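Engineer: this one's sequence-less:
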């Protein structure tokens, strides 16, 4: 097939988007046919005529030089294997690009915000990938006139951005303090200093193995993953989920080299997309990502998600607005609707102490 160029566009609409949503008429059409099982039902679902949908499919077949639908006498039209592969590849690409698309969208929203109203506050946040934060950004915008310039990065990279002054607030996650203390201390403690930094409570999330529906390999833990040679989608270096994986392997006495690593992904949704598409048999991610792709989930651990800033930054109006957004009932309801999520001292300021084995958190006075 001859290569085809890709052109990107964006528009301004009354309502915003979340995640990796990037509209394209071809993939909107293929998704409708795939979901509804025929051109006629896809046309009804999209509010278009059969003739319009059929004409659009013929147009895209000409552009791509490959058939997109097939049919036989007495049977409805179906997507061809090529169209199915194309639809899946685009979906997986969007899942992998979620953090980058979110960052691009935040930049464009910031440009529009500053042009329309230069008085609106802007707060740059580097944060480990999380599904509750885009909803927090919406709440802050609507309720507090605060634009959160949200940039996803691994936990360690986010804390490093804070240390280097590239953001005012960072987001990271750690397991309960009794679990994996030494491992997380070695990576995170150099970037978090008692007295200098203050934590802001956010959420608690469940992480575990993402597996296909029905869990066909009966995976119950990393011992099964290693023992069966299951293809594993790991998180990128610098992410706290990668640290959690290392901790769980050590806890089970499993050498990391025994994992059959098939690919490296940089977000929870990308891990889930890889499993959903058959590119991996399993990987560790949050439960909400697994459920979003219709996958099963084997819980392994909980972690606490914190926001962190310099102590003096608590006096900034933008940080105070952020804390109010964390207390907002609309955002808290959105969190509680996410599978595997709960609130954990949301909006409360917590102090670090240097107590061994690494630090403990206590509510600031």
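Structural biologist: That came through, no problem. Every value quoted in this text rests on a predicted model; they were computed, and no experiment measured them.
Engineer: buried residues in the host helix or strand of residue 330?
Structural biologist: Assigned by DSSP states H and E, residue 330 belongs to helix 329-336. Within helix 329-336, the residues that count as buried by 16 or more other CB atoms under 10 Å are 331-332, 334-335. From N, CA and C alone the C-beta is placed, and that goes for glycine too.
Engineer: packing partners for the next helix or strand after that helix?
Structural biologist: Per DSSP H and E, the first helix or strand lying C-terminal to helix 329-336 is strand 341-353. Here strand 341-353 touches strand 197-211, strand 296-310, helix 317-327, helix 329-336, strand 360-363, going by 3 or more CB pairs under 8 Å, 6 or more residues apart in numbering; DSSP states H and E.
Engineer: could you pull out the strands for the stretch 151-300 of the chain?
Structural biologist: 169-174, 197-211, 231-235, 260-265, 282-286, 296-310 (DSSP state E, counting those that start in this stretch).
Engineer: dump those strands into CSV; add mean neighbour count as well.
Structural biologist: Output for the strands of the stretch 151-300 of the chain, formatted as CSV (neighbours: other CB atoms under 10 Å):
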stretch, mean neighbour count
strand 169-174, 27
strand 197-211, 23
strand 231-235, 22
strand 260-265, 17
strand 282-286, 29
strand 296-310, 20
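Engineer: can you lay out these as TSV showing mean pLDDT?
Structural biologist: TSV is the format used below for the strands of the stretch 151-300 of the chain (pLDDT from 0 to 100):
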stretch	mean pLDDT
strand 169-174	94
strand 197-211	95
strand 231-235	96
strand 260-265	94
strand 282-286	97
strand 296-310	95
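Engineer: turn the ones you listed into JSON lines, columns for distance to residue 159.
Structural biologist: Below are the strands of the stretch 151-300 of the chain laid out as JSON lines (distance: least, CB to CB, whole Å):
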{"stretch": "strand 169-174", "distance to residue 159": "5"}
{"stretch": "strand 197-211", "distance to residue 159": "9"}
{"stretch": "strand 231-235", "distance to residue 159": "16"}
{"stretch": "strand 260-265", "distance to residue 159": "21"}
{"stretch": "strand 282-286", "distance to residue 159": "19"}
{"stretch": "strand 296-310", "distance to residue 159": "7"}
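Engineer: residue 139: which of those strands is closest?
Structural biologist: With CB to CB as the criterion, residue 139 lies closest to strand 197-211 of the strands of the stretch 151-300 of the chain, at 12.8 Å.
Engineer: just to check, residue 363 is in contact with residue 350?
Structural biologist: Yes: judged on CB atoms under 8 Å, residue 363 makes contact with residue 350 at a distance of 5.8 Å.
Engineer: and those two? Which one has more around it.
Structural biologist: Remark: of residue 363 and residue 350, residue 350 carries more neighbours, 17 against 11, as counted by other CB atoms under 10 Å.
Engineer: what's the closest non-adjacent residue to the more buried one?
Structural biologist: Spatially, and ignoring its direct neighbours in sequence, residue 350 is nearest to residue 199 (4.1 Å; CB to CB, 6 or more residues apart in numbering).
Engineer: right, I'll call it a day here.
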